[in-house]
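Novice: prediction below, plus the sequence it came from.
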Amino acid sequence: MRIKLEQLPQHLQKQTASLYTLFGNEPLLILEAADLIRTHAHQQGYTERELFTVDQHFDWSALLNAGNNLSLFGDRKIMEIRIPSGKPGKEGGKAIETYCNALPPDTLTLITLPRIDKQGQAAKWFKTLETTSILIPVYAIERDQLPGWIGQRLTRQQQKADSATLQFLADQVEGNLLAAHQEIQKLALLYPDGNLSFDQVKDVVLNVARYDIFQLTDAMISANTARYTHILTGLQGEGTAPLLILATLAEQIRQLITIRKGLDNGQSPAQLLQAARVWGDRQNQ
């Protein structure tokens, strides 16, 4: 059963499932959700813990054997399985299916995965996780959501800031949620509860934003000159190869020209966007 990340605390107040699966590419949010599940499990008497990190040499029989071995002291146990690649392989897929279809007693299992694409989510092992576990996708915090997310984090530590200050903070930490978390914690250490001024935040927060080239092309397409310049400066500071930037921008321009010609010839916008491999929110730009 799928639930949203924000529903996890409420879910844990009501029940404790035998199997949880977290997947996504936001390490901070994955870590916090896993910590929440582990803390809840400890409160429910799950005192033992076994950790398995899957790599190309992983012995899947060790996982199955661990699931079959009961605790010598009759304690409840947490089984944590981390699959950093998100690709367990044929043997691993079968092992996951076997494990999920015969979950060990007195055991809470926590599986963490990176972002899984549509093809991966169609695999039998992932479908098994979807039907036997509490499945929690962990999505990235989008740019327009980031000021609100920062505001919520400040509220937790009894601080708040106006919208302009939150936007400034968001601009400094965009694409780097772990750094955002650290900067917010720094504000709690340096300033008392209550309102934070823009100058207070500006004096403390470093520019730790990380950008990728596709954010640059999005800014170009939306004609946001200020953001385009800001991202380009960031990419240059990170040492991104100029030829890679140029090639990516040139490809986007060629796509725009092709779409414009197609529209002038009366072709369907949806077909043109699909042919140009423009998906999701980018179609609205």
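Specialist: Great, that's in hand.

Novice: burial measure for Leu29, as a count.
Specialist: Using other Cβ atoms under 10 Å, Leu29 has 21 neighbouring residues. No exception for glycine: its C-beta is placed from N, CA and C like everyone else's.

Novice: over to the one 10 residues further on?
Specialist: Burial measure for Thr39: 11 neighbouring residues, criterion other Cβ under 10 Å.

Novice: and it, how far is that from Gln158?
Specialist: Distance of Thr39 to Gln158, given as Cβ to Cβ, to the nearest Å: 22 Å.

Novice: now the longest helix seen in the chain: mean pLDDT?
Specialist: For the chain, the helix that runs over the most residues, judged by DSSP state H, is helix 242-264. Helix 242-264 comes out with an average pLDDT of 81.

Novice: okay, buried residues for that helix please.
Specialist: Residues of helix 242-264 classed as buried: 245, 248, 252, 255, 259, 262 (neighbour count, 16 or more other Cβ atoms under 10 Å).

Novice: what sits against the first one?
Specialist: When contacts are counted by Cβ atoms under 8 Å, 6 or more residues apart in numbering, Ile245 touches 213, 216, 232, 235.

Novice: what do you get if the cut-off is 10 Å, keeping everything else the same?
Specialist: 213, 216-217, 232, 235-236 (Cβ atoms under 10 Å, 6 or more residues apart in numbering).

Novice: select only the buried ones of those residues in ChimeraX?
Specialist: Provided next is the ChimeraX selection string for whichever of the contacts of Ile245 are buried by 16+ other Cβ under 10 Å:
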select :213,216,217,232,235
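
Novice: need the distance between the two termini of stretch 100-110.
Specialist: By Cα to Cα, to the nearest Å, the extent of stretch 100-110 from end to end equals 11 Å.

Novice: pull out the buried positions in it.
Specialist: Neighbour-count burial for stretch 100-110 [16+ other Cβ under 10 Å]: 100, 103-104, 107-110.

Novice: what of stretch 18-31?
Specialist: Neighbour counts using 16+ other Cβ under 10 Å place 18-24, 26, 28-30 of stretch 18-31 among the buried residues.

Novice: from those residues, which land in helices?
Specialist: Among these, the ones falling in helices (DSSP H) are 28-30.

Novice: any chance of a markdown table for the residues you listed, columns distance to Lys4?
Specialist: Shown next, in a markdown table, are those (distance: Cβ to Cβ, whole Å):
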| residue | distance to Lys4 |
| --- | --- |
| Leu28 | 17 |
| Leu29 | 12 |
| Ile30 | 14 |
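
Novice: distance of the nearest residue to Leu190 once chain neighbours are set aside relative to Arg153?
Specialist: Among residues not flanking Leu190 along the chain, Val204 sits closest, at 6.0 Å (Cβ to Cβ, 6 or more residues apart in numbering). Using Cβ to Cβ, Val204 is found at 15 Å from Arg153.

Novice: between the two, who's got more neighbours?
Specialist: Each of Val204 and Arg153 has its neighbours counted (other Cβ under 10 Å); Arg153 has more, 18 against 15.

Novice: quick check, that one in a helix?
Specialist: Yes - counting by DSSP: H, G, I helix; E, B strand; the rest coil, Arg153 is located in a helix.

Novice: how much space between it and Lys4?
Specialist: For Arg153, the distance to Lys4 - Cβ to Cβ - is 18 Å.

Novice: same deal with Phe126?
Specialist: Phe126 sits 18 Å away from Lys4, going by Cβ to Cβ.

Novice: who has more neighbours, the two?
Specialist: The neighbour count for Phe126 versus Lys4, taken as other Cβ under 10 Å, is higher for Phe126 (22 against 11).

Novice: tell me the secondary structure at that one.
Specialist: Under three-state DSSP, Phe126 comes out as helix.

Novice: same deal with the one 3 residues further on?
Specialist: Reducing the assignment to helix, strand or coil with three-state DSSP, the entry for Leu129 is helix.

Novice: give me the neighbour count for it.
Specialist: As a measure of burial, Leu129 has 24 neighbours, counting by other Cβ under 10 Å.

Novice: so what pairs up with the closest residue to it other than its chain neighbours in the strands?
Specialist: Excluding the flanking residues, the one nearest Leu129 by Cβ to Cβ, 6+ apart is Thr21, at 4.9 Å. According to DSSP bridges, the residues that bridge with Thr21 are Ile111, Leu135.
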